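Peer 1: output the structure for:
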Amino acid sequence: MKKVMAVNAGSSSLKFKLYEMPEETVICSGIAERIGHDDAIFTIKYNGEKDEQILPIKDHAVAVQILLDKLLEKKIIASYDEIKATGHRIVQGGKYFASSAVFDKDTEDKIESLIPLAPLHNAAHLVGFRAFKKVLPEVPAVAVFDTAFHQTMEAQDYVYPIPYEYTEKYDIRRYGAHGTSHQYLAQEAEKYLKDVNHPRLITCHIGSGASISAIKDGKCVATSMGLTPLGGIMMGTRTGDIDPSVMKYCCFCENKDAEEMFQIFNKKSGLLGVSGISNDSRDVIKAMNEGDERAKLAYQLLVRRIADFIGQYFVRLGGADLIVFSAGIGENSPETRELVCDAISEALGIIIDKELNNELRGKEGLISTEESKIKVAVIPTDEEIMIARDAYNMLLK
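Peer 2: Numbering: from 1, shown residues only. As a prediction, this is how the structure comes out:
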């Protein structure tokens, strides 16, 4: 039995799970939030207990030290030597990584070179990695890339119709995101398709950030997010795919430059921008049910975009055997699942058990009926276990 730490560092946060491997037992989990503030929040869960503190956390290095000290204080570990490996989520691996990679100087340099493609994410991931490396210099680490699973796409599915020299010179292409989640869902979905020789899946990772993937024989065929996580379906604060001229016209009308408008399209659009209420689907659904017309429109747009991509990928795969809902909204919002399934039911012959659907919140199970032409399942995602598995298999096995 060996302890492996799975790490997901954000711009102002640090999520973690400590596993006993290869048993995949979660020893503890938690998060440091509001890093950089005097009123940061550190939470750790272990043995059915929850410990939360509000305290100054200057940077990620301090957050890592607090985490490791807490492991000793709570006697979760007897010494740092018990941690045998760390695995770090990296959003953007570019053209370089089709699988996870051992964290060496070359890997670190390539991740750093890709910061322009994921400025908030890759920079934060490196800060998290370096913070752990500083405190645990002898502990090996792996980088697990959100984009790696999507590297199996064919050129027709990832090349953009721009001057081809831009594609070649600047590596501009569809990279996708949430690949670790989509890969996990594809593996977990196998249990529902044991009688299918070449399974065709449409996996819907629907959270504040959201993406949809078409998967055949366990490999990604197409995915909705693009060069950056701004592309694809509408999200909590992101536009998803739109006519590129909308940005130019908005810049002209608002007298803003491209960078300012890019930030608005990333952080103030989507559900928040259309509803004017919130980026949280629960708030928007509540307002919609109370008769707010903009909230209703916002949610109609979200459902329509999800339904459109499912239809597109049904055609791309030549049919589908299973549609999977996952992530924050996909796992916990029966209303959203029902609205999406209603939008595609006539075209794809989908029938769900609405009573069963309403019972599934954060739990796994089929929600389609026997009569449904395509199975529909809810599968809670687990990116951290995928990170831990790669760290264990590559460094310790």
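
Peer 1: show me what contacts Met261?
Peer 2: In this structure, Met261 makes contact with 247, 250-251, 254, judged by CB atoms under 8 Å, 6 or more residues apart in numbering. Using the backbone N, CA and C atoms, a C-beta is placed for each residue, glycine as well.

Peer 1: list the buried residues for the host helix or strand of it?
Peer 2: Per DSSP states H and E, Met261 falls inside helix 258-267. Neighbour-count burial for helix 258-267 flags 261, 264-266 (criterion: 16 or more other CB atoms under 10 Å).

Peer 1: by pLDDT, give me the weakest of these.
Peer 2: Within the set of the buried residues of helix 258-267, pLDDT is lowest for Asn266 (88).

Peer 1: from Lys75, how far out is it?
Peer 2: According to CB to CB, to the nearest Å, Asn266 and Lys75 sit 43 Å apart.

Peer 1: same thing with Ile310?
Peer 2: In terms of CB to CB, Ile310 sits 48 Å off from Lys75.

Peer 1: closest to Lys219 out of the buried residues of helix 258-267?
Peer 2: Asn266 (29.4 Å; CB to CB).

Peer 1: helices along the stretch 1-150 of the chain, start to end?
Peer 2: 60-73, 105-113, 119-135 (DSSP state H, counting those that start in this stretch).

Peer 1: what of the stretch 151-300 of the chain?
Peer 2: All helices of the stretch 151-300 of the chain, identified by DSSP H, counting those that start in this stretch, fall at 155-158, 164-170, 179-188, 245-254, 258-267, 270-275, 281-289, 293-317.

Peer 1: would you mark the buried spots in the shortest one?
Peer 2: Judged by neighbour count (16+ other CB under 10 Å), helix 155-158 contains these buried residues: 157-158.

Peer 1: alpha carbons of it, in PDB - could you do that?
Peer 2: The C-alpha coordinates for helix 155-158 follow below in PDB (Å, rounded to 0.1, in the frame of the first residue of the first chain):
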ATOM      1  CA  ALA A 155      -7.600  16.300 -38.300                       C
ATOM      2  CA  GLN A 156     -11.100  16.900 -39.800                       C
ATOM      3  CA  ASP A 157     -12.400  17.100 -36.200                       C
ATOM      4  CA  TYR A 158      -9.700  19.400 -34.800                       C
END
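
Peer 1: mean pLDDT per helix and strand in this protein: which one sits at the bottom?
Peer 2: Across the helices and strands of the chain, mean pLDDT, DSSP states H and E gives its lowest value to helix 119-135, namely a mean of 84.

Peer 1: residues contacting that one, please?
Peer 2: Contacts for helix 119-135 (CB under 8 Å, 6+ apart): 5, 7-12, 14, 59-61, 63-65, 68, 80, 86, 88-92, 103, 108, 111-112, 114-115, 139, 141, 143, 229.

Peer 1: hmm, which of those residues are the buried ones?
Peer 2: 5, 7-10, 12, 14, 60-61, 63-64, 68, 86, 88-92, 103, 108, 111, 114-115, 139, 141, 143, 229.

Peer 1: quick one: the helix holding Met261 to helix 119-135, angle?
Peer 2: 80 degrees (axes from the mean of the first three to the mean of the last three CA atoms, to 10 degrees).

Peer 1: can you give me the angle helix 258-267 makes with helix 245-254?
Peer 2: Using the same axes, to 10 degrees, helix 258-267 lies at 120 degrees relative to helix 245-254.
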